[in-house]
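Trainee: From the sequence below, what's the structure:
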Amino acid sequence: MNTRFDWNLVRSFLAALDHGSLLAAARALGAAQPTIGRHISELERQWGTVLFERTGRGLVPTEAALRVAQAARAMEGGAEAVSRQLAARDATEAGSVRISASQPIACFVMPPLLARMRLALPQVQVELVVSNAVSNLLRREADIALRMVQPQQQSLVARRIGRVALSACAHRDYLARRGTPSQPAELVQHALVAGDRDETVQEGFRAAGLPVAQEQLVLRTDDLIAQWQAVRAGIGIGFVADYLSRADPQVTRLLPGLKIPSLPLWLVVHREIRSNRRIRSVYEFLVRELPGAL
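Mentor: Residues are numbered from 1 along each chain as shown. Next up, the predicted model:
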């Protein structure tokens, strides 16, 4: 067994362990899938053990992989601490800041904000990570993250920046064809746009005692922008953020008395990175500007 190995091999191992496939690990690291595969194979050769069983559904870690995972994460933590300390020494505002946001926030809320930020902080370049997955700030996948869930790690600073209000919506053309529901119970008689694997909408109906028949779910997709575009196309009634529905005057918000829980939006940054002047400037800009955009 070779006890000396390249740290990049361990990064690939941990990414594969966390994401369950070579493709997802490659996306998380910004690398090519064959590269991740070679790294895993090389690490298995050097350590003299099989780390993953390759199946049709992805990678299944072996007992050996699970045994070494804790030590590998300790190595990862040490490398990240060095990176953060070096980043914190940067006292200038010039350079790049990496921001992570969900697809709807990144595509509809952030662009006007970034245009204004370009005027306020012209020396800053932005790397926008558009993903509905939760970026890991501890691994420097982002400097600043916008999240719908509050992180629990003590090393992260989270500030609730606002709440995302949701409403039942439909295009005027759809309502002209099918009529406008006057009470929540009438929604189950309409064509509905909802999630596929994410059954939040379906669960909401069940909780209200209004089970939805399968044929009413005329379009199911977990892509939130696809849901919004389906509503705009007049396919059916969907449940979308108010910042989206306000953008199209042809889309009508329905049932103002319908109580749909709003979603909190958290602005998250690593505690140590806040000492970086560039990241702090972007963070403070977003604190000022995001509430109004929502």
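
Trainee: Look up the closest residue to P291, ignoring the ones flanking it.
Mentor: G162 (4.6 Å; C-beta to C-beta, 6 or more residues apart in numbering). C-beta here means a position set from N, CA and C on the backbone, and glycine is covered the same way.

Trainee: and the one you found, which of the three is it?
Mentor: strand (DSSP: H, G, I helix; E, B strand; the rest coil).

Trainee: so it touches L294, yeah?
Mentor: Yes. The pair G162 and L294 passes the contact test of C-beta atoms under 8 Å, sitting 4.3 Å apart.

Trainee: shared neighbours, these two?
Mentor: Common contact partners of G162 and L294 (C-beta atoms under 8 Å, 6 or more residues apart in numbering): L265.

Trainee: hang on, the earlier thing: count of residues packed around the residue nearest to P291?
Mentor: Around G162 sit 16 other residues, with neighbours defined as other C-beta atoms under 10 Å.

Trainee: What's the separation between it and V287?
Mentor: To V287, G162 is 10 Å away according to C-beta to C-beta, to the nearest Å.

Trainee: Double-check that L128 belongs to a strand.
Mentor: Yes. The assignment for L128 (three-state DSSP) places it in a strand.

Trainee: Quick one: the strands in the stretch 101-250 of the chain, in order.
Mentor: Secondary structure of the stretch 101-250 of the chain (DSSP state E, counting those that start in this stretch): strands located at 124-130, 144-147, 156-164, 166-171, 192-194, 217-220, 238-241.

Trainee: Can you tell me which of the ones you listed is most buried?
Mentor: Burial of these is given as mean neighbour count (mean count of other C-beta atoms under 10 Å); strand 192-194 ranks first at a mean of 25.

Trainee: Report the rounded mean pLDDT for it.
Mentor: Averaging pLDDT along strand 192-194 yields 94.

Trainee: And it, what does it pack against?
Mentor: Strand 192-194 sits against helix 200-207, strand 217-220, helix 224-232, strand 238-241, with contacts defined as 3 or more C-beta pairs under 8 Å, 6 or more residues apart in numbering; DSSP states H and E.
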